[in-house]
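Colleague: Predicted model and sequence below, questions to follow.
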Amino acid sequence: DGGITQSPKYLFRKEGQNVTLSCEQNLNHDAMYWYRQDPGQGLRLIYYSQIVNDFQKGDIAEGYSVSREKKESFPLTVTSAQKNPTAFYLCASSTPPAEAFFGQGTRLTVV
Amino acid sequence: DQQVKQNSPSLSVQEGRISILNCDYTNSMFDYFLWYKKYPAEGPTFLISISSIKDKNEDGRFTVFLNKSAKHLSLHIVPSQPGDSAVYFCAARASGGYQKVTFGTGTKLQVIP
């Protein structure tokens, strides 16, 4: 089945630790995205990548980093510099201008 | 600056009746609009879209209306079903190569059996 796989579904992190969220797609989409969802704030764009080895900051990139070494993979690292990392993280992919398809999300909790 | 606004955080509708979800935008460069549906702890799924060259797009029970002069769009669900209960996000995009999609804050729809 074609789709986007995010792992893990739930993730707990201690304060001061970096953590990496996985996102893999087998849809052969060129573009991939990371969004963050907080209650009452909709989806906010963290980073996006249009092609391999290239990515751009979104609206809230501070405290996050990404890589795009392969077309199908776009991991997101939440660093210790992110002040409020507890949130629901969503990965998506598309071949613009078509609509984006989303993964099932990863809920990150800082303990 | 919230460029896409969904001013109703929640909406309750009886099963079988019409659900109308509203969305306003401020950026006049937006020319493509999308609606996504989201269940708790899941990713959003694409529902329906509309280009600015149209004022209506219909797909089964779902119809999206666009009023460019008012910078307003709405999603109509007729008839509403309990399975439609979810959070609905309005989103918008400008044209010209890659353009990021800007999402609204969502409206939680509850369809009461």
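Modeller: The structure has been received and is ready for your questions.

Colleague: How is residue B:74 assigned, secondary-structure-wise?
Modeller: strand (DSSP: H, G, I helix; E, B strand; the rest coil).

Colleague: gap between residue A:11 and residue A:35?
Modeller: Residue A:11 is 16 Å from residue A:35, where distance means C-beta to C-beta, to the nearest Å. C-beta coordinates here come from the backbone N, C-alpha and C atoms, glycine included.

Colleague: And for residue A:109?
Modeller: Taken as C-beta to C-beta, the span from residue A:109 to residue A:35 is 18 Å.

Colleague: Name the residue in those two with the higher neighbour count.
Modeller: residue A:35 (27 against 11; other C-beta atoms under 10 Å in any protein chain shown).

Colleague: Mind listing the residues bridging to that one?
Modeller: Beta bridges link residue A:35 to residue A:45, residue A:90 when assigned by DSSP bridges.

Colleague: for residue A:20, same thing?
Modeller: Here residue A:20, judged by DSSP bridges, has bridge partners residue A:77.

Colleague: What's the local residue count around it?
Modeller: Neighbours around residue A:20, by other C-beta under 10 Å: 13.

Colleague: pretty sure it contacts residue A:73?
Modeller: No - between residue A:20 and residue A:73 there is no contact under C-beta atoms under 8 Å: 11.3 Å.

Colleague: Find residues that contact each of those two.
Modeller: Residues touching both residue A:20 and residue A:73 (C-beta atoms under 8 Å, 6 or more residues apart in numbering or on different chains): none.

Colleague: For chain B, what is the nearest residue in chain A?
Modeller: Going by C-beta to the nearest C-beta, chain B is nearest to residue A:102 of chain A, at 3.3 Å.

Colleague: excluding its backbone neighbours, what's nearest that residue?
Modeller: In this structure, residue A:102 finds its nearest non-sequential neighbour in residue B:43, 3.3 Å apart by C-beta to C-beta, 6 or more residues apart in numbering or on different chains.

Colleague: quick one, what contacts that neighbour?
Modeller: A:4, A:6, A:90, A:92, A:102-105.

Colleague: Which among those count as buried?
Modeller: Among those, those scoring as buried are A:4, A:6, A:90, A:92, A:102-103, A:105 (criterion: 16 or more other C-beta atoms under 10 Å in any protein chain shown).
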